[in-house]
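Asks: Attaching a predicted model along with its sequence, questions to come.
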Amino acid sequence: MDSSAPIAIILPTYCEAENIADIITAIENLQLDSTILVIDDSSPDATENIVEKLREKYGNILFMKRPHKMGLGTAITDGFRYLLSLPKSPNYIITMDADFSHAPNDIPRLLALTEEGSDLVIGSRYCNEGKVKGWKLTRILISKIANKITGRVIRLQLSDFTSGFRCYSKGYLTKALPKLHCETYEIQIETLRQAKLQNSKIGEIPIVFENRKKGKSKLSLTEIAAFSKYILKVSWDQLRERDN
Ligand SMILES: Nc1nc2c(ncn2[C@@H]2O[C@H](COP(=O)(O)OP(=O)(O)OP(=O)(O)O)[C@@H](O)[C@H]2O)c(=O)[nH]1
Ligand SMILES: [Mg+2]
């Protein structure tokens, strides 16, 4: 299989049998010169079988199977590590959810801004023209408050710190990857923290985020606790740095 395409798209999956065929087909229809890397944590549903069938149909799909549910953060960093270890590694790596919350049709805009010279581009729900569809008011409020707190802690002028729809340049990832250790959703903050430390150029494009229509959310109290703990740890580290 030719895995030397200049663009790679990482799709982390846990029980996405209802979405995976449609999302892969939608990405394939964009006709990018890309590799799609599905990172599945031994989903007990049909996710793996569906991907195996699509691998026979298309020549650009890689499947990484991990032994059990190990968290979104390590799924993403395992994906980066694998892609960067390829003999001809991709110049641009996109991360997105496999549940259609992130629209495949937005990928070309994410890529275009990265190709113009950004190290990292975020699909933002909270900038002008960005939007969230289908979330209850409480979930929007929790997300916006988490976003505001993160902005204060990370101290970057961005509108959406927690969006997982992103395009990363190889240059940024090569430097940042050894420093990324988060296991779950807080990976989105850790990547921005590293971008700040590296003085990376970060861009944003507006996206319309849609709540998943099929399958179940994997966001649980455990992940929310890990996210909050990470924010507290970063705040504490920064206070100590200021005192020293
Ligand atoms: N491999 C892997 N994928 C995961 C894991 N947790 C979540 N995912 C995938 O990561 C993406 C985001 O997870 P979601 O459950 O949609 O989380 P969310 O978007 O914050 O929550 P919802 O808005 O309720 O969908 C989806 O494609 C999931 O299948 C995990 O532990 N391992
Ligand atoms: Mg989702």
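Replies: Looks like it came in fine. Ligands and ions are numbered 1, 2, ... in the order given.
Asks: got the contact list for Asn128?
Replies: By CB atoms under 8 Å, 6 or more residues apart in numbering, Asn128 lies in contact with Pro206. Just so you know, the C-beta spots here come from the backbone N, C-alpha and C atoms, and that holds for glycine as well.
Asks: State the three-state secondary structure for it.
Replies: coil (DSSP: H, G, I helix; E, B strand; the rest coil).
Asks: just for this structure, where's the confidence low?
Replies: The model of the chain has pLDDT under 70 over residues 1-2.
Asks: what are the C-alpha coordinates of the helix ranked longest in it, in CSV please?
Replies: The single longest helix within the chain, with elements called by DSSP state H, is helix 221-243. C-alpha atoms of helix 221-243 as CSV (Å, rounded to 0.1, in the frame of the first residue of the first chain):
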residue,chain,number,x,y,z
LEU,A,221,-16.9,12.2,33.9
THR,A,222,-13.5,10.5,33.9
GLU,A,223,-12.5,12.5,30.8
ILE,A,224,-13.9,15.7,32.3
ALA,A,225,-12.0,15.1,35.5
ALA,A,226,-8.7,14.4,33.6
PHE,A,227,-9.3,17.7,31.6
SER,A,228,-9.9,19.7,34.8
LYS,A,229,-6.9,18.1,36.5
TYR,A,230,-4.7,19.0,33.5
ILE,A,231,-5.9,22.7,33.6
LEU,A,232,-5.1,22.9,37.3
LYS,A,233,-1.7,21.4,36.8
VAL,A,234,-0.8,23.9,34.0
SER,A,235,-2.1,26.8,36.2
TRP,A,236,0.0,25.5,39.1
ASP,A,237,3.1,25.1,36.9
GLN,A,238,2.7,28.7,35.6
LEU,A,239,2.4,30.1,39.1
ARG,A,240,5.6,28.3,40.2
GLU,A,241,7.4,29.6,37.0
ARG,A,242,6.4,33.1,37.8
ASP,A,243,7.6,32.8,41.4
